[in-house]
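> Sharing a model prediction with you, sequence too.
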Amino acid sequence: MVNEFYKEMTGKESVIRQFFDFARARAAEKGPDSVFNFSIGNPSVPAPDSFRDAIIDITEKGDPVKIHGYSPTLGQDSTKKCIADSLNRRFGMNYEAKHIFPTSGAAGALSHALRVVTKPGDTVLTFAPYFPEYGPYVNGTGAELKVVPADYDTFQINFEKFEEMLNENVSAVLINSPNNPSGIVYTTETIQRLADILMAKQNEYGHEIFLITDEPYREIVFEGVDSPFPSKFYDNSICCYSFSKSLSLPGERIGYMAVNPAAKDADYLVPMAGQVSRFTGHNCPTALMQLAIERVIDETSDLSIYERNAKLLYDALTEIGYKVVKPLGTFYMMPRVPDRNASDNGSTGNTDVSTLRDANEWCWKAARELGLITVPGDSFQCPGHFRISYCVPTEMIEKAIPLFKEAYNF
């Protein structure tokens with residue numbers, strides 16, 4: 001008998017993928033110049049030459065048995081130490097190799113982190129707008145994901161709603177900064193306030209509340225932006241990271257889970273993650289990827305195009321009349337769907353979301369009539385908004401600006 005739960009999920013295709021697939025079909029029918037695809041967050045710059053050189057050197061000179069053999073269940077010791085040393089240098093932490101668990105990207109890190117600090121029936125809180133895959137990540141553990149409504153004025157944490165939803169059944173809080181889909185970055189003030197609230201509630205409830213941080217965009221932060229390392233502020237924290245964005249390696253599926261050494265049972269959480277892998281079928285990233293990452297641990301691709309694209313697009317959209325919370329990092333922004341008849345269209349403020357225009361309708365109209373492909377904000381629990389992924393050639397943005405102007409008048 002097939003599993004009805006997963007069978008039902010097959011009918012719930014990602015909205016992001018729906019628009020991406022539409023863009024591919026339109027390009028095949030009408031030609032690539034008919035499509036301006038801002039739907040998916042696939043890095044648009046190549047990995048650094050040093051990464052390619054590392055792969056060549058390792059495969060040509062290394063021990064083929066080690067390179068292509070099984071990785072230890074908990075990861076290569078040398079890779080774990082290299083990651084720990086890098087975090088300590090950069091953020092003033094005191095990780096050891098035993099606190100690092102290499103994973104298949106940030107998704108693998110999150111899936112393991114959630115399982116080692118929750119049990120079925122627990123609640124995990126996250127903040128809108130958020131990456132929709134958090135739903136399957138959390139609900140697949142038997143815990144329940146609950147989403148704190150967005151602060152549409154800033155996309156920072158809505159602390160009033162957060163404290164209303166925080167109760168003794170919450171075992172973990174999941175944050176994403178720099179944020180997909182909004183492009184904002186939580187400030188030091190925001191992280192400190194969050195940490196203070198969680199520490200107080202731990203004492204009140206008599207159990208740990210873990211802070212799980214999803215940080216694949218950590219290096220894509222624009223000049224002058226305050227971007228704290230959350231684990232520096234809160235002991236019971238687990239950092240989940242991927243090299244997909246910083247090194248432009250999404251297809252290589254390499255990341256890690258880093259357990260704060262000050263966390264409760266810190267020495268057990270990585271071995272526990274190894275046991276989680278027995279249930280999920282995860283067996284660490286390839287030995288080759290782990291060894292290659294050691295060679296480029298503090299490097300990045302040339303990420304400067306993302307800030308240039310952000311400025312170009314933000315300036316153009318706001319001049320047209322779109323209302324946009326200014327992105328501070330990543331390669332996303334989340335404008336409001338234009339509605340010239342709405343009384344609040346000129347100010348974010350405390351928005352009544354019931355008055356906002358239907359984002360799905362607007363996005364599909366822009367896609368079908370103009371080939372302008374964006375993603376409606378409903379699946380990010382941010383109705384009335386749409387996500388733009390601007391990790392594209394700058395020339396495409398320049399050509400798309402007149403289309404955004406036309407779509408503004410829909």
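That came in fine, so what should we check first?
> What count of nearby residues applies to residue 310?
24 (other C-beta atoms under 10 Å). Where C-beta positions appear, they are placed from N, C-alpha and C, glycine not excepted.
> what sits against it?
With contact taken as C-beta atoms under 8 Å, 6 or more residues apart in numbering, residue 310 is in contact with 183, 222, 327, 331, 333, 390.
> repeat that with 10 Å
The contact partners of residue 310, taken as C-beta atoms under 10 Å, 6 or more residues apart in numbering, are 183, 220, 222, 326-333, 388, 390, 397.
> Narrow those residues to those that are buried.
Neighbour counting with 16 or more other C-beta atoms under 10 Å marks 183, 220, 222, 327-333, 388, 390, 397 as buried within the contacts of residue 310.
> Let's have those in TSV, adding distance to residue 260.
Shown next, in TSV, are the buried ones among the contacts of residue 310 (distance: C-beta to C-beta, whole Å):
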residue	distance to residue 260
183	26
220	23
222	27
327	28
328	25
329	23
330	24
331	28
332	27
333	31
388	34
390	33
397	39
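> Among those residues, which lie within helices?
residue 397 (DSSP state H).
> wait, which of the buried ones among the contacts of residue 310 is closest to residue 57?
Set against residue 57, the nearest of the buried ones among the contacts of residue 310 by C-beta to C-beta is residue 220 (27.5 Å).
> my guess is the closest one contacts residue 300, does it?
Yes. Counting by C-beta atoms under 10 Å, residue 300 is a contact partner of residue 220 at 8.6 Å.
> and for the two, which residues touch both?
Common neighbours of residue 220 and residue 300, using C-beta under 10 Å, 6+ apart, are 245-246.
> what's near enough to touch the nearest residue to residue 72 once chain neighbours are set aside?
Spatially, and ignoring its direct neighbours in sequence, residue 72 is nearest to residue 284 (7.4 Å; C-beta to C-beta, 6 or more residues apart in numbering). Counting by C-beta under 10 Å, 6+ apart, residue 284 makes contact with 70-76, 79, 101-104, 108, 254, 274, 277, 290.
> Tell me the secondary structure at residue 284.
When classified by DSSP: H, G, I helix; E, B strand; the rest coil, residue 284 comes out as coil.
> Next, give phi and psi for it.
phi 70, psi 160 (degrees, to the nearest 10).
> Tell me the spacing between it and residue 336.
Distance of residue 284 to residue 336, given as C-beta to C-beta, to the nearest Å: 42 Å.
> Could you dump the buried ones among the contacts of residue 310 into a markdown table and include distance to residue 192 and pLDDT?
Formatted as a markdown table, those follow (distance: C-beta to C-beta, whole Å; pLDDT from 0 to 100):
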| residue | distance to residue 192 | pLDDT |
| --- | --- | --- |
| 183 | 22 | 98 |
| 220 | 23 | 98 |
| 222 | 21 | 98 |
| 327 | 22 | 98 |
| 328 | 18 | 98 |
| 329 | 19 | 98 |
| 330 | 22 | 98 |
| 331 | 27 | 97 |
| 332 | 25 | 98 |
| 333 | 26 | 98 |
| 388 | 30 | 98 |
| 390 | 30 | 98 |
| 397 | 36 | 97 |
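> between the buried ones among the contacts of residue 310, which is closest to residue 262?
When these are compared against residue 262 (criterion: C-beta to C-beta), the nearest one is residue 329, at 26.5 Å.
> Thought residue 177 was touching that closest one, still the case?
Yes. Between residue 329 and residue 177 there is a contact under C-beta under 10 Å: 8.3 Å.
> Give me the common contacts of the two.
Taking C-beta under 10 Å, 6+ apart as the contact criterion, the common neighbours of residue 329 and residue 177 are 184-185, 217-218, 221, 227.
> Among those residues, which one has the most neighbours?
When neighbours are counted by other C-beta under 10 Å, residue 217 leads those with 28 neighbours.
> quick one: contacts for it?
For residue 217, the contacting residues are 41, 106, 176-180, 183, 185, 227, 241-242, 244-246, 303, 306, 329-332, by C-beta under 10 Å, 6+ apart.
> So which of those sit within strands?
Under the assignment DSSP state E, those contribute 176, 241-242, 332 to strands.
> Using CSV, lay out those residues together with distance to residue 356.
As requested, the ones in strands among the contacts of residue 217 are arranged in CSV below (distance: C-beta to C-beta, whole Å):
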residue, distance to residue 356
176, 23
241, 34
242, 32
332, 19
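> which pair in those spans the largest distance?
Largest separation among those by C-beta to C-beta: 241 and 332, giving 18.0 Å.
> Find me the pLDDT at residue 235, would you?
pLDDT recorded at residue 235 is 98.
> Using the three-state scheme, assign it.
The local conformation at residue 235, judged by three-state DSSP, is coil.
> What sits closest to it if chain neighbours are left out?
Closest residue to residue 235 apart from its sequence neighbours, by C-beta to C-beta, 6+ apart: residue 262 at 3.9 Å.
> Next up, the contacts around that neighbour.
Residue 262 neighbours (C-beta under 10 Å, 6+ apart): 93-94, 231, 234-237.
> Top of these by number of neighbours, please.
residue 231 (26 neighbours).
> Once you drop chain neighbours, what's closest to that residue?
Nearest to residue 231 is residue 237, by C-beta to C-beta, 6+ apart, at 4.3 Å.
> And the residue most central in space within the chain, its phi and psi?
In the chain, the residue lying closest to the centroid (C-alpha atoms, centre = their mean) is residue 180, at 5.0 Å. Per-residue torsions, residue 180: phi -100, psi 110 (degrees, to the nearest 10).
> Can you check the pLDDT for it?
Listed pLDDT for residue 180 reads 97.
> got the contact list for residue 12?
135-136.
> For stretch 256-264, list every residue counted as buried.
Result for stretch 256-264 [16+ other C-beta under 10 Å]: buried residues 256-261, 263.
> With residue 46 as the reference, measure out to residue 247.
Relative to residue 46, and taking C-beta to C-beta, residue 247 is found at 10 Å.
> Show me which of those two is the more surrounded one.
Neighbours per residue, other C-beta under 10 Å: of residue 247 and residue 46, the larger number sits with residue 247, 26 against 12.
> Hmm, that one is touching residue 300, no?
Yes. Between residue 247 and residue 300 there is a contact under C-beta under 10 Å: 6.3 Å.
> any common contacting residues for the two?
Taking C-beta under 10 Å, 6+ apart as the contact rule, residue 247 and residue 300 both touch 45, 47-48, 219.
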